[in-house]
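Chemist: Any chance you can model this:
(2 chains)
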Amino acid sequence: MEFAELIKTAKVENVQLSCPGLPPIKGTLCITSHHLLLSSQPGGHGEQGTVELWLLIRNVDAVEKRIASSLGTITLKCKDLKVLQLEIPGMEECLNIASSTEALSSVDSVMMMYPFFYRPQSMKLKDGWQLYPLQHYYQQIASETSAWRLSCVNGDFTICSSYPLAVIVPATVDDNVLKKAARFRQGGRFPVLSYYHKKNGTVMLRSSQPLIGPNRKRCQEDELLLSAVLDGGERGFIIDTRSAQAAKQARVMGGGTEPKSSYPRWKRLHRPLERGRPLQESFIKLVEACNDTSLSMDRWLSKLESSKWLAHVKGALSTACLAAQCMEREEACILVHGAEGTDTTLLVTALAQVILDPDCRTLTGFQGLLEREWIEAGHPFHFRCAHSAYSHARLKQEAPIFLLFLDCVWQLGHQFPFSLQFNEHLLLVLFEHTYASCYGTFLCNSEKERCLCEVKEKTHSLWSWLNQPSELKKHLNPLYTYNALVIWPSVEPQSLQLWQGLFLRWIRSSQYLDEAWAEIQRLVTNCEDAPEESAGRTLCHSQPDAAYPLTITGTANEG
Amino acid sequence: MHRSTPVEQVKLIDRFSTSNKSLMGTLYLTATHLLFIDSSQKETWILHHHIAAVEKLALTTSGCPLVIQCKNFRVVHFIVPRERDCHDIYNSLLQLSKPASYDELYAFSYNPKQNESKRLQGWQLIDLAEEYKRMGVPNSNWQLSDANRDYEICDSYPRELYVPRTASKPVIVGSSKFRSKGRFPVLSYYHRDKEAAICRCSQPLSGFSARCLEDENMLHAISIANPAHHYMYVMDTRPKLNAMANRAAGKGYENEDNYANIRFQFVGIENIHVMRSSLQKLLEVSGTKALSVNSFLSGLENSGWLRHIKAVLDAAIFLAKAVAVENATVLVHCSDGWDRTSQVCSLGSLLLDAHYRTIRGFMVLIEKDWISFGHKFSDRCGQLDGDPKEISPVFTQFLEGVWHLTEQFPQAFEYNEAFLLQIHEHVHSCQFGNFLGNCQKEREELKLKEKTYSFWPFLLDEQKKYLNPLYNQDFSQKLVLLEPNTASFNFKFWRNMYHQFDRTMHPRQSVFNLIMTMSEQNKQLEKDFKELEAVSIVK
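Modeler: Numbers count the residues shown, from 1 in each chain, chains lettered A, B, ... in the order given. This next block holds a predicted model:
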């Protein structure tokens, strides 16, 4: 395929660009293989106009056109939720620009995407790809205990196509056992270590559902693998992110959940979390409500409610707290899984780590967490983030599960404003780059696909851009101070907030809030420049024990 | 100590804890407070005046549950081991929380051991004559009227009222006779630059067709007191239907045909009864244990609370824009002109004038539009055992409107959320004289300035706690008018008000405290630096 074939009109003069909150701009619109550019009217004599718009076409989620006599209006609804309007003189030009944008934005082949063409001068291709190897994470564990080993049983991706090359497993379990256990788990996702809680040596494992099936199959190796995690008389918890009923019903399709009889030392807890289509619909409804600024209070609240988004936030945070609580308070090992083990499972394991582990709350620690628990762990970004909230295309496998994770992290940052080293801006950047990016980090669905596409050889890593000092500065939380404690959030509805910075980013002006933050930044910098040790930092302690524990036992939904 | 206490082995239950966490302790009743001391010697004090309702629930195996709801939104849930004790406490609290006369209120016994001259000075802290001078009145168009010097034409107004120079005494008297409770149109705020005014009054006694020449003249006088007097707005803050219904009772609203150059406008804020039941619904929802997000949001919607807050703010914005953008004078009224009118006039002034966004200025604003103009604090806050239908959270809504503004303009206000909460606390505490009674006349009769302390100096003494570290004076000066965005999504449930005592719901770390400390350090450093400089210059 040649991009040129898709571009019917490459350049149109006298196009007017408007977006909410800014005065409209007139200029020349150009369409290239990957970008829509609008440069304002040049001053004359071949002078270049300034570029006012530089829009990655991949970012376009929906193109809507309206033609009135000879003036066409194209509305570009972007995946980052921004909405732009172009008024294009000439019906044909308008139709051409619309159809080219549509065609270019929906190119499905990964290797045709912009990251494979993006070659910034200041960056080297190989940088950033080896920043967070699993080996490093394993070494941290190995320095504490010899109970775990790094296995390369998946070295050629044949055991599990969505796992990375190396995984961390109990030292006492050999690769043959793993191979057999993998056959008993959907997609081969046998239980592997997700997190080691240094404080008490408990671990969090994750996997996909066991293939129990209608005939109640068992797998000795899988049982062995799980019991190898528990010492002596220890008991562990399995957090299934489906309802007890859904887990049971999954048996019809060959799946299921661990029966008590075969896994006697594991206690199952069911915490149903939404995924897939309903979650995507929730996202769409919320964005729709946010975009309608004329809604009456009653309509707004009722739309906010019916979108159910905040209920999903509450669900995810509560389940992550439960996981964290099992480890921190009950001192028990846990296994988390849903069905495939690539969506809600990762949501819970990643979130629990942010809550438990201060190292995950630093900028590099958080990047490492994303690399380990989302990218390498095989969250299918390519499928899940193909379309955002505006697309008219038929939904396939889209679901904003990663966005839900970012929202939950934002809620944590909101409740513990000094405990995350990074700020809201980083979360926004991550959201944007999962949907459309010039970097390869979030491309493909798994490490296997990334290998096949040579993503790490032919594209730049988002991390190497983010970690440049000039970028880094923008993403640091000026109030951060290392907090060794567990950060238990409040999950009461009164404590959860709509993430306005994301959902209303392009809708309301945040000028006064931004100025206030700049002032905070200034105050902090002044304080830090002061010769004395800044006392302010140490005056404010978090109150972790003000949190209320969630009850683990005695709730419905138990297995 | 009250006869029924102390009672030992009482359990205090955390109302939101899922594990029924509780504290064991001893309950005491003093003349003014209920006191609970738990086993770790932590004290919980509850002022009797703060108690809105006491409820005795059905006996359980562990004892008799007693639920106390407070006007400051604290809810405490005790379990008293013996039913008899519980019953005694219940009865005592019922009595203590509903005093029959003003002299039983805390303000008359509160004694902070301050000397008399300081106490008197305290009452002089806020001077409304000063405030009108600051606004620029009296001037060539506005003057102080002595018509109400002895409360002869309106007993719920203050003695000192500012009216247009061209309004003669007969016009004033005639107009007051044509207005509900005699509350004729007077100046609430004068905008010096725009030469436009905010005036306030009660509804006219127009019925279906009654007219009053003096009232028409009064409005005309107000209109021409604005040099650019093409037209003036008359804002009826009630829903149109309510205003129309009032006509049947001989009241109503201005007929545009009878008044020269007025633009009449309804803004649709609901009455005190709707607001009371709205808050009650809100509290029912927010007090639910193990609340789901969806029940919370649908409960929030059904309560209508945020819709009412938005209506009040929208009205204030309409008012402020008319003054700042159109240079127009606006006359605001509702029915009696002491609830919705106070809300809209004070919030409108706050949008227009940066002074009211300072600590002292905010006190002045409350003193002017609420206390002096006769918002019925005693009735609305239920200070005495009276008609429960008179209770309404009108002032709370005003504070919530201000809070929403501070959220949208973090640098525009000298004061912070704690300041608003503290004012709310003491409007209900009856610890100081300021908010006792329903109007100035009543306050004078109660001899509050002789017998009680003023709240403002106490608030000012603690002002460090109430400073907003992000406050930027220039910011406020830069803007002629604060123009908040009132799209529905800007309105949030005010957790720190309605759950101020439910600490588990609060953010675990406070940006505010941190910034406060830092900004103090910065100031200290700057001071030190200047001193060092001075020393080196001397050398």
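Chemist: Leaving out the residues flanking it, which one is nearest to residue 100?
Modeler: Answering for chain A, as no chain was given. A:Ile7 (5.1 Å; Cβ to Cβ, 6 or more residues apart in numbering or on different chains). For glycine as for every other residue, the C-beta is placed from the backbone atoms N, C-alpha and C.
Chemist: let's do chain B instead
Modeler: The shortest distance from B:Ala100 to any residue other than its chain neighbours is 5.5 Å, reached at B:Asp385 (Cβ to Cβ, 6+ apart).
Chemist: Now the stretch 51-200 of chain A against chain B: closest residue?
Modeler: A:Leu81 (13.8 Å; Cβ to the nearest Cβ).
Chemist: do you know how far that residue is from A:Leu286?
Modeler: The gap separating A:Leu81 from A:Leu286 is 10 Å, by Cβ to Cβ, to the nearest Å.
Chemist: Identify the contacts common to those two.
Modeler: A:Ala389, A:Phe503 (Cβ atoms under 8 Å, 6 or more residues apart in numbering or on different chains).
Chemist: Count the neighbours of residue 244 for me.
Modeler: Here I'm looking at chain A. 17 (other Cβ atoms under 10 Å in any protein chain shown).
Chemist: You answered for a different chain; I wanted chain B.
Modeler: 14.
Chemist: what's the weakest-modelled helix or strand in the chain?
Modeler: The chain I'm using is chain A. helix A:536-539 (a mean of 34; mean pLDDT, DSSP states H and E).
Chemist: about what we covered before: and the residue of the stretch 51-200 of chain A closest to chain B, which helix or strand is it part of?
Modeler: A:Leu81 is part of no helix or strand, with elements assigned from DSSP states H and E.
Chemist: got a pLDDT number for it?
Modeler: The model reports A:Leu81 with a pLDDT of 95.
Chemist: Repeat that for A:Gly43.
Modeler: pLDDT, read off for A:Gly43, is 55.
Chemist: Correct me if wrong: A:Val429 contacts A:His475.
Modeler: Yes: in this structure, A:Val429 is within contact of A:His475 by Cβ atoms under 8 Å, at 7.1 Å.
Chemist: hey, what's in contact with both of the two?
Modeler: A:Leu466.
Chemist: residue ranges of the strands in the stretch 1-150 of chain A, please?
Modeler: A:11-18, A:25-31, A:35-40, A:51-56, A:60-68, A:71-78, A:83-89, A:148-151 (DSSP state E, counting those that start in this stretch).
Chemist: er, the stretch 201-350 of chain B actually
Modeler: Using DSSP E, counting those that start in this stretch, strands in the stretch 201-350 of chain B cover B:232-236, B:262-266, B:329-333.
Chemist: quick one: low-confidence parts of the stretch 401-550 of chain A?
Modeler: A:528-550 (pLDDT under 70).
Chemist: As a check, name the ranges of all helices in it.
Modeler: Secondary structure of the stretch 401-550 of chain A (DSSP state H, counting those that start in this stretch): helices located at A:401-415, A:424-435, A:447-452, A:455-458, A:462-466, A:469-474, A:500-503, A:511-529, A:536-539.
Chemist: give me the low-pLDDT residue ranges for chain A?
Modeler: A:1, A:42-49, A:528-559.
Chemist: can you list the domains in it?
Modeler: As assigned by the TED database, chain A contains the domains A:4-107, A:134-513.
Chemist: And the last one, end to end?
Modeler: The first and final residues of domain A:134-513 sit 39 Å from each other (Cα to Cα, to the nearest Å).
Chemist: Check which helix or strand A:Val169 maps to.
Modeler: Taking DSSP H and E as the criterion, A:Val169 maps to strand A:167-170.
Chemist: Can you name every helix or strand that that strand contacts?
Modeler: helix A:134-142, strand A:148-151, strand A:192-197 (3 or more Cβ pairs under 8 Å, 6 or more residues apart in numbering or on different chains; DSSP states H and E).
Chemist: Would you enumerate the residues in contact with the residue of the stretch 51-200 of chain A closest to chain B?
Modeler: Residues in contact with A:Leu81, defined by Cβ under 8 Å, 6+ apart, are A:Val287, A:Ser388, A:Ala389, A:Tyr390, A:Leu502, A:Phe503, A:Arg505, A:Trp506.
Chemist: and those residues as a markdown table, adding distance to chain B?
Modeler: Shown next, in a markdown table, are the contacts of A:Leu81 (distance: Cβ to the nearest Cβ, whole Å):
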| residue | distance to chain B |
| --- | --- |
| A:Val287 | 12 |
| A:Ser388 | 19 |
| A:Ala389 | 16 |
| A:Tyr390 | 18 |
| A:Leu502 | 13 |
| A:Phe503 | 8 |
| A:Arg505 | 12 |
| A:Trp506 | 13 |
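Chemist: got CSV for those residues, with neighbour count too?
Modeler: CSV is the format used below for the contacts of A:Leu81 (neighbours: other Cβ atoms under 10 Å in any protein chain shown):
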residue, neighbour count
A:Val287, 20
A:Ser388, 26
A:Ala389, 25
A:Tyr390, 22
A:Leu502, 21
A:Phe503, 22
A:Arg505, 16
A:Trp506, 17
